[in-house]
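**Q** kindly return the folded structure for what I paste below:
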Amino acid sequence: MEVTTRIYLMKDSQGNKASVTVEEGCDTAQIFGMKDKEGKALYFESDAYHISTFCNDNNIELKVIDRKDDFDTLWNEK
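**A** Numbers count the residues shown, from 1 in each chain. Down below sits the predicted model:
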């Protein structure tokens with residue numbers, strides 16, 4: 001069995017960083033820890049496919065990583 005995840009890495013111009021991991025079958029994401037230009041905390045909760053829109057609207061650099069890992073390998077790592 002494979003575990004499929006999508007990792008969203010975000011970094012803004014002030015050096016704030018955040019990441020969100022969304023597993024296959026789940027589409028909800030919560031982003032926190034990022035701040036806007038005035039230093040106010042940004043909070044976003046919505047369908048994961050809206051993350052790119054959120055990042056564009058808030059001038060945040062985004063990288064997306066798709067991963068597939070073997071369940072048993074992950075299970076036995078810890």
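
**Q** after the helix or strand of the chain with the lowest mean pLDDT, next one along is what?
**A** Counting by mean pLDDT, DSSP states H and E, the chain has its least confident helix or strand at strand 41-47, which shows a mean of 66. Stepping forward along the backbone from strand 41-47, the first helix or strand reached (DSSP states H and E) is helix 51-57.

**Q** CA atoms of that following helix as CSV?
**A** The C-alpha coordinates for helix 51-57 follow below in CSV (Å, rounded to 0.1, in the frame of the first residue of the first chain):
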residue,chain,number,x,y,z
ILE,A,51,-3.6,27.4,-1.6
SER,A,52,-2.0,28.7,-4.8
THR,A,53,-4.6,31.4,-5.0
PHE,A,54,-4.0,32.3,-1.3
CYS,A,55,-0.2,32.5,-2.0
ASN,A,56,-0.7,34.6,-5.1
ASP,A,57,-3.1,37.0,-3.3
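
**Q** please spell out which residues along it are buried.
**A** With burial defined by 16 or more other CB atoms under 10 Å, the residues of helix 51-57 counted as buried are 51, 54-55. Where C-beta positions appear, they are placed from N, C-alpha and C, glycine not excepted.

**Q** so which elements touch that helix?
**A** Using 3 or more CB pairs under 8 Å, 6 or more residues apart in numbering; DSSP states H and E, the elements in contact with helix 51-57 are strand 2-12, strand 28-35, strand 41-47, strand 60-70.
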